[in-house]
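[1] Quick one: sequence and predicted model below, then my questions.
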Amino acid sequence: MLRFKGCQHFRQRLVCSTLSGRPIRIDDIRAADPESPGLRDFEASFLRLLEKLTNGCVVEINETGTSLRYRPGVVVCGMGLSHDCGTSRGIGYFLEPLLVLGLYGKKALSITLKGITNDSTDPGVDTFRTVTLPLMRKALGLEDGLELRVVSRGAAPGGGGEVVLRVPLVKELGPIKLVDEGMVKRIRGVAFSMKVSPQITNRMVDGARGVLNSLLADVYVFTDATSGAASGKSPGYGITLVAETTSGCLISAEACHSAPRSQEDVAPQRDAGSAQQVPEDIGTTAAHLLLEEVRRGGVVDGSHQGLMLLLCALGPEEANSLRLGPLTPHAVRTLRHIRDFFGVTFSLRTERTSNTLFATCVGANVRNVSRRVT
């Protein structure tokens, strides 16, 4: 049994435990917090989601919620599943683990998630739809079956959004070789708003284009101003930008404004101060964040480094290679978890001219043992 301490990377530890079949114990979960120690409601919600996806898993939590034992079961998945993600964290908090676990199910995954679709804490559903899913299709060679449909949007604190995720089955993952980052040839994006004036989206587009058009001519940002039942329960707006390179790589950045939650346990906002920004500043902030991601280099942006490293570790017993920018703290922790759970270590080689890293590993060849043989 592997032992960990603290609440950091809670989802990743559970996902790696499920895929490797190794039980884990996590102690000292916010034990130093005198007012509210133990698991938060969004972490308990993720545990309930795992129980829906697997068969035979065992979760033991002590009375104070500061210690957790998890014995993984068999990934089953299935069609017609539904889960209420609550309003403490966005739907993006639950989507990334589902994308990995769904590949190793006994049945294809189709699940409806309800909650907050766009906020400043977790990646928005537009980032998953326009970047994460195409990236997984390209890296893993998935032709169809991987889909994310946004039924309605929902902003914090009320939520009210709904998305439908479909993930196909795989027998095993193919080798991943993404080393050509290319040059940025065009920028696309979507500016969205909920329960506010539709003119807000145009103002965000103007703010983003004011920065990007001086560097690139091919910039187009779609607008999505929702109202009525499709706009959730709270007002909010934001913008997601995607830079596409000549080699087909996708680099993303986003900025979002939404009303603050009442809970104090939400992670710090990625774009601090956005709650006081006008729509033009939201667009400008997103554009600057995108340019910073492009400057860092690599075939993926910082928010996708951990996911791609995990997919490489799950791949076949041959060379899997990625070209990344400077590693984020989340990616560093991911490398440690990959070593602990799967025994896979990466060789990191720096290219001085571009300040990028070449990460290479021999995969653990994790197969889908639950998949039906046809």
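    Yes, it's here.
[2] ok, for residue 11, nearest residue in space, not its chain neighbours?
    residue 97 (5.1 Å; C-beta to C-beta, 6 or more residues apart in numbering). Using the backbone N, CA and C atoms, a C-beta is placed for each residue, glycine as well.
[3] The one you found looks like it's in a helix, true?
    Yes. Counting by DSSP: H, G, I helix; E, B strand; the rest coil, residue 97 is part of a helix.
[4] and it, what does it touch?
    11, 12, 14, 15, 46 (C-beta atoms under 8 Å, 6 or more residues apart in numbering).
[5] Out of those residues, which comes closest to residue 134?
    Using C-beta to C-beta, residue 15 comes nearest to residue 134 of the contacts of residue 97, at 21.5 Å.
[6] doesn't the closest one fall inside a helix?
    Yes. Assignment of residue 15 by three-state DSSP places it within a helix.
[7] Could you verify my assumption that residue 296 touches residue 326?
    Yes. Between residue 296 and residue 326 there is a contact at 6.0 Å, judged by C-beta atoms under 8 Å.
[8] more crowded one of the two?
    residue 296 (17 against 14; other C-beta atoms under 10 Å).
[9] so what's the backbone phi/psi at the nearest residue to that one once chain neighbours are set aside?
    Closest residue to residue 296 apart from its sequence neighbours, by C-beta to C-beta, 6+ apart: residue 325 at 3.4 Å. With angles defined as degrees, to the nearest 10, residue 325 sits at phi -80, psi -170.
[10] Show the contacting residues for residue 325.
    Shown in contact with residue 325 (C-beta under 8 Å, 6+ apart): 293, 296, 297, 298, 301, 302, 305, 355, 356, 357.
[11] Looking at those, which are in strands?
    356, 357 (DSSP state E).
[12] Could you single out the nearest of the contacts of residue 325 to residue 107?
    Looking across these and measuring by C-beta to C-beta, the closest to residue 107 is residue 305, at 30.1 Å.
[13] Just confirm that closest one contacts residue 334, I think it does.
    Yes. The criterion here is C-beta under 8 Å, and residue 305 meets it with residue 334 at 7.5 Å.
[14] Of the contacts of residue 325, keep whichever come out buried.
    293, 296, 297, 298, 301, 302, 305, 356, 357 (16 or more other C-beta atoms under 10 Å).
[15] Leaving out the residues flanking it, which one is nearest to the first one?
    What sits nearest to residue 293 in space, not counting adjacent residues and going by C-beta to C-beta, 6+ apart, is residue 301, at 4.4 Å.
[16] And the one you found, how far from residue 85?
    Applying C-beta to C-beta, to the nearest Å, the value for residue 301 to residue 85 is 24 Å.
[17] Same check on residue 349?
    On the measure of C-beta to C-beta, residue 349 and residue 85 end up 39 Å apart.
[18] can you give me the strands for the stretch 201-350 of the chain?
    219-226, 236-245, 250-258, 319-324, 347-351 (DSSP state E, counting those that start in this stretch).
[19] could you dump the ones you listed to TSV with mean neighbour count and mean pLDDT?
    As requested, those are exported to TSV (neighbours: other C-beta atoms under 10 Å; pLDDT from 0 to 100):
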stretch	mean neighbour count	mean pLDDT
strand 219-226	17	93
strand 236-245	25	95
strand 250-258	26	90
strand 319-324	22	92
strand 347-351	11	91
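[20] Compare those strands and report which one is nearest to residue 120.
    Within these, the stretch nearest residue 120 is strand 250-258; the backing value is 4.7 Å (C-beta to C-beta).
[21] Pairing partners for the closest one, with directions?
    Neighbouring strands of strand 250-258 in its sheet, by DSSP bridges, are strand 236-245 (antiparallel).
[22] between the partner strand and strand 219-226, how many degrees?
    Angle, strand 236-245 to strand 219-226, by axes from the mean of the first three to the mean of the last three C-alpha atoms, to 10 degrees: 150 degrees.
[23] Could you tell me how far residue 240 is located from residue 324?
    21 Å.
[24] now residue 145
    Distance of residue 145 to residue 324, computed by C-beta to C-beta: 27 Å.
[25] So which residue is smack in the middle of the protein?
    residue 96 (4.3 Å; C-alpha atoms, centre = their mean).
[26] Now that residue: closest residue in space, sequence neighbours ignored.
    residue 307 (6.1 Å).
[27] who's in contact with that neighbour?
    Applying C-beta under 8 Å, 6+ apart to residue 307 gives the contacts 96, 99, 100, 132.
[28] One more: residue 153?
    For residue 153, the contact set (C-beta under 8 Å, 6+ apart) comprises 117, 118, 125, 161, 192, 194, 224, 226, 230, 231, 232.
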